[in-house]
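> What follows is a predicted structure for the sequence shown.
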Amino acid sequence: MLTVKRKLNMLKKITITMDGNVYQGLCRVAGRRKISKFIESLVRPYVQEDEISEGYRQMAADRKRESEAIEWIEGTATDIVDEAR
């Protein structure tokens, strides 16, 4: 059984310090009012597990399911070898 927990999204305000040239570059690339969203999109993959990865991890932990999946894969591998090209 696949169980994925969802957390409520809460916005948090933070203060960061950066070089003025970097800030100007952010304004140019992301837009002055879109810097937070831009930085969040870059940082998110490094700090937040996505639901798909967690689901795969849970499925891999299910030894019976993995064993059945391996049997199925090995059974279909011969079908591919016999298939006409």
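Structure received.
> Distance-wise, check residue 50 relative to residue 57.
Distance, residue 50 to residue 57, by CB to CB, to the nearest Å: 11 Å. From N, CA and C alone the C-beta is placed, and that goes for glycine too.
> Oh, that last question was meant for residue 63, not what I typed.
13 Å.
> Which other helices and strands does the longest helix along the chain contact?
Longest helix of the chain, by residue count under DSSP state H: helix 63-82. Counting contacts by 3 or more CB pairs under 8 Å, 6 or more residues apart in numbering; DSSP states H and E, helix 63-82 is packed against helix 51-61.
> Distance check, the residue most central in space within the chain against residue 44.
Centroid-nearest residue in the chain: residue 50, 4.2 Å away (criterion: CA atoms, centre = their mean). According to CB to CB, residue 50 and residue 44 sit 9 Å apart.
> again with residue 29
From residue 29 to residue 44 the distance is 17 Å (CB to CB).
> and if you look at residue 20?
26 Å.
> higher neighbour count, these two?
residue 44 (10 against 7; other CB atoms under 10 Å).
> Name the helix or strand for the more buried one, please.
According to DSSP states H and E, residue 44 maps onto helix 35-47.
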